[in-house]
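> The following block contains a protein sequence and its predicted model.
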Amino acid sequence: MKKILVSLFVCFSTLSKAQSNLCPALQAFNGEWRYVNGQDTIRIYLRYHECYFNSENGSNTSTLQGQIFGWHEYKIGNTIVESDYANRYMTLPTIFDNLSPSTYSILLVMPYCDVSRHRIRGGIYDLSQCRERKSVTVIFNSAQNLLSWEQIHPTGFGFKTGCKGMTLPSNFVLSKQ
């Protein structure tokens, strides 16, 4: 009986063992980033966080992944156009499914944790446009103190919601503060 219990425990441990997909290189992007052009000011706060993503294939496995969560504020002059910046210090859960998408607006990853490509990808939720997700590509310089941000509003977005366009500019360069 003891051997059966040990065997079951080993099998269960193997099935539920978390795989790891971490990217500690993303920690270099932690902190506040800013873009200023005339009256426009964009502040983005980025924070590296590791959490478990449950398997989509129904098995008992989960993957520990490292990604960047972010929050932004867009101002024209002294008027805040949109902001979720107040949430930037919130406690993030260890399981991704326990995180409400309304508590962050940016989620970025580095494909294959390959710093040599100088590229981060992900999305930003447009807070003023029905929280529609825009695809984001970020190119960073070698010193990792400038981010060239490009976001795309795919054709067809807003068809059912009536929200069209993007609140933030489609391209801008952020500098580390």
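That came through, no problem.
> Please identify the helix or strand for the residue nearest in space to the middle of the chain.
Nearest to the mean C-alpha position of the chain, by Cα atoms, centre = their mean, lies residue 107 at 1.2 Å. Here residue 107 sits within strand 106-109, counting by DSSP states H and E.
> Also residue 50?
strand 40-54.
> Count the neighbours of residue 78 for me.
By the measure other Cβ atoms under 10 Å, the count of residues near residue 78 is 7. (Glycine included, C-beta is placed from N, CA and C.)
> So it versus residue 70, what's the distance?
23 Å (Cβ to Cβ, to the nearest Å).
> and what of residue 48?
Taken as Cβ to Cβ, the span from residue 48 to residue 70 is 10 Å.
> circling back: give the buried residues for the strand holding residue 50.
Across strand 40-54, burial judged by 16 or more other Cβ atoms under 10 Å covers 41-53.
> How about stretch 73-93?
Those would be 73-75, 81-82, 84-85, 88, for stretch 73-93 by 16+ other Cβ under 10 Å.
> One more: stretch 105-113?
Applying 16+ other Cβ under 10 Å to stretch 105-113 flags 105-110 as buried.
> In a markdown table, list those residues along with pLDDT and distance to residue 163.
Formatted as a markdown table, these follow (pLDDT from 0 to 100; distance: Cβ to Cβ, whole Å):
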| residue | pLDDT | distance to residue 163 |
| --- | --- | --- |
| 105 | 96 | 15 |
| 106 | 97 | 18 |
| 107 | 96 | 20 |
| 108 | 97 | 22 |
| 109 | 95 | 25 |
| 110 | 94 | 29 |
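> What is the nearest of the residues you listed to residue 95?
Comparing the buried residues of stretch 105-113 against residue 95 with Cβ to Cβ picks out residue 107 as the nearest, at 15.0 Å.
> Could you list which residues are in contact with the closest residue to that closest one other than its chain neighbours?
Excluding the flanking residues, the one nearest residue 107 by Cβ to Cβ, 6 or more residues apart in numbering is residue 122, at 5.0 Å. Shown in contact with residue 122 (Cβ atoms under 8 Å, 6 or more residues apart in numbering): 67-68, 106-109, 135-136, 138.
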